[in-house]
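A.B. asks: Pasting the sequence and the predicted model now:
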Amino acid sequence: MKRWAILILVGIALLLIPIVGRTLWFYRGAYRAPETVPLPAFSEITIPELPLHGEISLSAEQAEQNSASKRVVLIDTAHSNRFDVSELETLTRALASRGVTIQLLDSNASFDPIGLEGRLKFASAYIVISPFESFTASEVDAVRRFVERDGRLLAILDPTRSSSDAELFGLSDFSTGSDITAANQLLEPFDLAFSDDYLYDLVENEGNFRNVFLENFSENPLTDGLETVTMYAARSVYTEAGTPLILGGETVFSSISDMGGGLSVAAMSPNMGALALGDLTFFQPPYDGVTDNHQLIENVADFLISGERKPALEDLPYVFDGPVAVIQSGDFSLQAETLTALGATKSTLNAAGIELIFAEDPLPDADRFVLGLFDPDPDITEYLAPLEITLPSNDPDGLLHVPGFGALNPAGIGVVAVSHEEGQTTLALLAEDEEKLVSLLERMSLDLVEDCLVQGAYGLCTVGDGEGFNSSDEFEFDLEFEEAFSD
């Protein structure tokens, strides 16, 4: 064979050897079609969605199953809060599983015209996280009254969100405000305060000296089932008369004193209605799965719905739970002025999602809106009995007796009262005559109960002319009411 032919064959062989080698190395036999894998019925799958803006709610089926709870948890995003609602996903899902509707308090009035004070009228709990904008005096007072009426407050701070510590934790310092100042302003009525620090443990920690283990717990439903929780750069919380709930050991120190022992990252107010937590990070995956953090989040969800708040007159028009039937005295004729006032009342209730019903006969399952005179029709007496008001027609001296206010000259006074019994709410408006009753109804339709003297379930309003508020020896009220009125 000629030399050039041998060289060609050698060249071809050198080209084929790598190809053949790779083929033999990776070849796994003849192709076999994979078995058919059954696919899920995608049309039957319901993917839970958790919107991050507006209102977070259950699916229609879940809402129907849990309609009895009718609880609303309000999350504040209106005070320059430095967090994203998605960071609370573990908590919001725990609340959703309990039949809770979650609403956001928006800073833009065009999207949230009723504001904090309006939303607290129908909320069960209020959550505020890292607020960098101060609360107004009226907002602080509204939250105080909300908690006093068995609402729940949860305040959360985190050193990683505060400008003073942002650089330390590797975050951008994009604010010169202080969430500690704003939060402590809100918490002051509840004997709770955050410290401007972070906790650390150089002896035992979860991979970083700022990630501390906590194993000391006070006895409280919030600490049920907990043996160890892990907090990530938590602030300490102080209370004098309240209950420190989760405490660090002797090696957990505060950054402002470098001293330790008994530092608390969670504390409850003396009335058990307000909770302060010094860490936000543990709510987020994967930190929510470390030690007993998930159980703590479940306990926090239980705390937020633990109140049995009964709506007061201050909560108008949200004192009702369902459709409301108008019940009126037979002596109270529906004239043009009356119909106009009732129409305005109907519009106010409709805006709050409440239906006002006009029926010839009382509806057994509906809430009641009673319109009556001080000399009432016997047909409405049974509806007024739970209010425990003594009307002038039943008093030998012709005086009006209202719980908390004492004996009154009824002239020029309109009474608004609410009661909750056996799952039904009764709101009663009472006055001397039809003209004054229409005046009182007009005031209620405009939600002007705040202009009346209100104490708990009862309110006294001026309607027309009269001496009812001018007789000091007859107008008796307790010290608590006197102090509130003087403010």
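C.D. replies: Sure, I can see it.
A.B. asks: Can you give me the domain boundaries for the protein?
C.D. replies: Following automatic domain parsing, one gets these domains for the chain: 55-304, 313-486.
A.B. asks: Out of the ones you listed, flag the one nearest Ile12.
C.D. replies: domain 55-304 (58.2 Å; Cβ to Cβ). From N, CA and C alone the C-beta is placed, and that goes for glycine too.
A.B. asks: so which of the domains of the chain is the most packed in?
C.D. replies: The highest mean neighbour count among the domains of the chain, using mean count of other Cβ atoms under 10 Å, belongs to domain 55-304: a mean of 19.
A.B. asks: From the chain's centroid, how far away is it?
C.D. replies: With Cα atoms, centre = their mean, to the nearest Å as the basis, domain 55-304 stands 12 Å off its chain's centre.
A.B. asks: about what we covered before: I'd like to know which of the domains of the chain is closest to Gly11.
C.D. replies: Closest approach to Gly11 among these is made by domain 55-304 (58.8 Å; Cβ to Cβ).
A.B. asks: For Glu148, see how far away Leu430 is.
C.D. replies: 27 Å (Cβ to Cβ, to the nearest Å).
A.B. asks: actually Pro244, sorry about that
C.D. replies: 22 Å.
A.B. asks: any low-confidence regions in the stretch 101-250 of the chain?
C.D. replies: Applying pLDDT under 70 to the stretch 101-250 of the chain picks out residues 107-113, 162-177.
A.B. asks: Could you rerun that using 90?
C.D. replies: Applying pLDDT under 90 to the stretch 101-250 of the chain flags the ranges 105-119, 121-122, 149, 160-179, 205-208, 233.
A.B. asks: those strands in it, which residues are they?
C.D. replies: Secondary structure of the stretch 101-250 of the chain by DSSP state E, counting those that start in this stretch: the strands cover 125-129, 152-156, 193-194, 199-201, 211-214, 216-217, 229-232, 237-238, 243-247.
A.B. asks: Save those as TSV, and put in distance to Glu298 too.
C.D. replies: As requested, these are exported to TSV (distance: least, Cβ to Cβ, whole Å):
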stretch	distance to Glu298
strand 125-129	15
strand 152-156	14
strand 193-194	24
strand 199-201	23
strand 211-214	17
strand 216-217	15
strand 229-232	12
strand 237-238	20
strand 243-247	15
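A.B. asks: quick one: which of those strands is nearest Ala96?
C.D. replies: If you check each of the strands of the stretch 101-250 of the chain against Ala96 by Cβ to Cβ, strand 125-129 wins as the nearest, at 13.6 Å.
A.B. asks: between the closest one and strand 152-156, how big is the angle?
C.D. replies: Per axes from the mean of the first three to the mean of the last three Cα atoms, to 10 degrees, the angle that strand 125-129 makes with strand 152-156 is 10 degrees.
A.B. asks: May I have the strands that pair with strand 125-129, each with its orientation?
C.D. replies: Note on strand 125-129: by DSSP bridges, its sheet partners are strand 71-76 (parallel), strand 152-156 (parallel).
A.B. asks: Just put these in CSV and tack on distance to Gly459.
C.D. replies: Output for the strands paired with strand 125-129, formatted as CSV (distance: least, Cβ to Cβ, whole Å):
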stretch, distance to Gly459
strand 71-76, 24
strand 152-156, 25
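A.B. asks: which residues in the stretch 101-250 of the chain form helices?
C.D. replies: Ranges of helices in the stretch 101-250 of the chain, per DSSP state H, counting those that start in this stretch, are 115-119, 137-148, 163-166, 179-187.
A.B. asks: mind checking how far Asp315 is from Leu430?
C.D. replies: In this view, Asp315 and Leu430 are 20 Å apart by Cβ to Cβ.
A.B. asks: scratch that, Gly242
C.D. replies: Distance from Gly242 to Leu430, by Cβ to Cβ: 41 Å.
A.B. asks: now do Leu186
C.D. replies: 38 Å.
A.B. asks: Could you do Ser130 as well?
C.D. replies: Applying Cβ to Cβ, the value for Ser130 to Leu430 is 47 Å.
A.B. asks: before we move on, what about Ala78?
C.D. replies: Applying Cβ to Cβ, the value for Ala78 to Leu430 is 38 Å.
A.B. asks: what do you get for Ile8?
C.D. replies: Taking Cβ to Cβ, one finds Ile8 at 117 Å from Leu430.
A.B. asks: Likewise for Leu373?
C.D. replies: According to Cβ to Cβ, Leu373 stands 7 Å off from Leu430.
A.B. asks: go on, Val324?
C.D. replies: 17 Å.
A.B. asks: What of Ala241?
C.D. replies: Taking Cβ to Cβ, one finds Ala241 at 41 Å from Leu430.
A.B. asks: just Ser347 next, same as before
C.D. replies: 23 Å.
A.B. asks: Equivalent analysis for Glu250, please.
C.D. replies: From Glu250 to Leu430 the distance is 64 Å (Cβ to Cβ).
A.B. asks: same thing with Asp201?
C.D. replies: Per Cβ to Cβ, Asp201 is found 63 Å from Leu430.
A.B. asks: mind listing what Asn271 touches?
C.D. replies: Asn271 makes contact with Val147, Glu148, Phe190, according to Cβ atoms under 8 Å, 6 or more residues apart in numbering.
A.B. asks: Kindly recompute the last result at 10 Å.
C.D. replies: By Cβ atoms under 10 Å, 6 or more residues apart in numbering, the residues touching Asn271 are Val147, Glu148, Asp150, Phe190, Asp191, Ala241, Gly242.
A.B. asks: of the residues you listed, closest to Asp158?
C.D. replies: Of all the contacts of Asn271, Phe190 has the smallest distance to Asp158: 19.5 Å, by Cβ to Cβ.
A.B. asks: Would you confirm that that closest one contacts Glu240?
C.D. replies: No: taking Cβ atoms under 10 Å as the contact criterion, Phe190 and Glu240 are not neighbours in contact, 11.1 Å apart.
A.B. asks: what's the overlap in contacts for those two?
C.D. replies: Joint contacts of Phe190 and Glu240 (Cβ under 10 Å, 6+ apart) are Pro270.
A.B. asks: Could you list the low-pLDDT ranges of the stretch 351-487 of the chain?
C.D. replies: 351-388, 391-398, 403-413, 418-428, 431-487.
A.B. asks: can you give me the strands for it?
C.D. replies: Assigned by DSSP E, counting those that start in this stretch, the stretch 351-487 of the chain shows strands spanning 356-357, 367-373, 400-402, 406-408, 413-421, 424-431, 453-455, 458-462.
A.B. asks: Show me what the fourth one is packed up against.
C.D. replies: Under the contact criterion of 3 or more Cβ pairs under 10 Å, 6 or more residues apart in numbering; DSSP states H and E, strand 406-408 touches strand 400-402.
A.B. asks: Pull the residues that contact the strand it packs on.
C.D. replies: With contacts defined as Cβ under 10 Å, 6+ apart, strand 400-402 is touched by 374, 387-395, 406-411, 413, 415, 417, 430, 432, 453, 455, 458-460, 468, 474, 477.
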